[in-house]
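> Dropping a prediction and its sequence here:
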Amino acid sequence: MNLGNLTLSGRLIVAPLAGISDLPFRLMARRCGAALVCSEMVSAHGLVYDNRSTVALLKTDPEERPFSVQLFGASPEVMGRAAALLSDRPIDVLDINMGCPVKKVVSRGAGASLLRDLPLARAVIRAVVRNTQLPVTVKMRAGWSRDAVVAPELALMAQDEGVSGVVIHGRTARQFFSGSVDFEYITRVCESVSIPVIGNGDVTNLEQAAHMMQETGCQAVMIGRGALGRPWVFSQGRPALTPVERLSIIDDHLALMQEHLSVHEALVAARKHVGWYVRGMRGAAGFRKSLYEMKSTEEIRGQTSLFFSLEVPGPS
């Protein structure tokens, strides 16, 4: 699949996840086969005014490319300036967030709020496209509510403004993550444009991704929550992992945290991700609680290895 002049190696893409999509997580996804990884949401305002924590979200590594950065904001001028700044960095795609339903984003007129103001949405898209040579995508929800579905119209508008692809999550903003994804929303977007459409929502394995593409006509699938503790979901055709293989991936992920994050950031990330990695294992609930008593990533690594040893058959 192509996004502008960028050719992707596959059809499974990592969704941007606030507080999760850091560099170690993206590197693990790429190592496991993801065709494209994306930063968590980056404030255009914070970027333009050189906010330290905002700029830190742009930390990258050649191994993770192709790399997409997701921008959010409601000012066409600021979004355009941010796009120009990002174009000088080692980035491959710019994504505009028009789907986040979280109050602190919507209250600023950004994210899913733009679904309620299509003229402003067009102005934002135009400003970004005109200020970068990078492929631009737009991530959206179906609409603000079930009686205000605008995704097909917005997708066509984005195509007219020069966007290279759109991502459609098959829920409305008001649904947040309740209920089930409606394939009809994705299908209608696919029928409205000729640029690539990436489906999103509720996909946790390869079979579900293939089903979404077959039923809706989307060319690729973006996986977010389904990859938490399971980055191998992007490994097409890979059988279920053994405990030993899963522990090896955890070790690699913890090593990346230690390499790319501060000591405190690595500890916070390790507690979250290891908690996801052990889901479904015997004693997982108790082990997750104990993670928050551990004081270092080294301790987490050792205790996780011990925990997994209970799942690995000993010598006969």
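Right, received. Where do you want to start?

> Contacts made by the host helix or strand of A285 with the rest, please.
A285 belongs to helix 284-291 when assigned by DSSP states H and E. By C-beta atoms under 8 Å, 6 or more residues apart in numbering, the list of residues contacting helix 284-291 from outside reads A270, R271, V274, G275, V278, M281, I300, Q303, F307. In this view, the C-beta of every residue, glycine as well, is placed from N, C-alpha and C.

> Serialize these to JSON lines and add fields for pLDDT.
Listed next are those as JSON lines, based on pLDDT from 0 to 100:
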{"residue": "A270", "pLDDT": "97"}
{"residue": "R271", "pLDDT": "97"}
{"residue": "V274", "pLDDT": "97"}
{"residue": "G275", "pLDDT": "97"}
{"residue": "V278", "pLDDT": "95"}
{"residue": "M281", "pLDDT": "92"}
{"residue": "I300", "pLDDT": "97"}
{"residue": "Q303", "pLDDT": "96"}
{"residue": "F307", "pLDDT": "95"}
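
> Only the buried subset of those, as a ChimeraX command please.
This is how ChimeraX selects the buried members of these, with burial counted by 16 or more other C-beta atoms under 10 Å:
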select :270,271,274,275,278,300,303,307
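
> Whichever helix in the chain runs longest: which residues count as buried?
Ranked by residue count, the top helix of the chain under DSSP state H comes out as helix 243-260. Residues of helix 243-260 classed as buried: R246, L247, I249, I250, D252, H253, L254, L256, M257, Q258, H260 (neighbour count, 16+ other C-beta under 10 Å).

> quick one, what contacts I91?
Applying C-beta under 8 Å, 6+ apart, the residues contacting I91 are L58, T60, F67, S68, V69, L134.

> one step back: let me know the next secondary structure element after the longest helix of the chain.
Counting by DSSP H and E, what follows helix 243-260 is helix 263-277.

> how far off helix 284-291 does that next one point, in degrees?
170 degrees (axes from the mean of the first three to the mean of the last three C-alpha atoms, to 10 degrees).

> What is the burial count for L310?
11 (other C-beta atoms under 10 Å).

> er, S53 actually
8.

> and the helix or strand that contains it, average pLDDT?
S53 is part of helix 52-56 when elements are defined by DSSP H and E. Helix 52-56 comes out with an average pLDDT of 94.

> Could you list every helix and strand in contact with the helix or strand that that helix is followed by?
Once helix 52-56 ends, the next helix or strand along the chain (criterion: DSSP H and E) is strand 67-72. Under the contact criterion of 3 or more C-beta pairs under 8 Å, 6 or more residues apart in numbering; DSSP states H and E, strand 67-72 touches strand 37-38, strand 42-43, helix 44-48, helix 76-86, strand 93-98.

> quick one: A269 from S305, how far?
18 Å (C-beta to C-beta, to the nearest Å).

> which of these two has more neighbours?
Per other C-beta under 10 Å, whichever of A269 and S305 has more neighbours is A269, with 22 against 13.

> My guess is the more buried one contacts H260. True?
No. Applying C-beta atoms under 8 Å as the test, A269 and H260 come out as separate, 9.8 Å apart.

> Could you tell me which residues touch both of those two?
Joint contacts of A269 and H260 (C-beta under 8 Å, 6+ apart) are D22, P24.

> CA atoms only: put stretch 10-21 into PDB for me.
Listed next in PDB are the C-alpha coordinates belonging to stretch 10-21 (Å, rounded to 0.1, in the frame of the first residue of the first chain):
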ATOM      1  CA  GLY A  10       2.500  -4.600   4.900                       C
ATOM      2  CA  ARG A  11      -1.100  -3.700   5.900                       C
ATOM      3  CA  LEU A  12      -0.900  -3.700   9.700                       C
ATOM      4  CA  ILE A  13      -0.200  -0.300  11.300                       C
ATOM      5  CA  VAL A  14       0.300   0.700  14.900                       C
ATOM      6  CA  ALA A  15      -2.300   3.200  16.200                       C
ATOM      7  CA  PRO A  16      -1.200   6.200  18.200                       C
ATOM      8  CA  LEU A  17      -1.900   5.600  21.900                       C
ATOM      9  CA  ALA A  18      -1.600   8.500  24.400                       C
ATOM     10  CA  GLY A  19       0.800   7.700  27.200                       C
ATOM     11  CA  ILE A  20       1.800   4.400  25.500                       C
ATOM     12  CA  SER A  21       3.200   5.000  22.000                       C
END
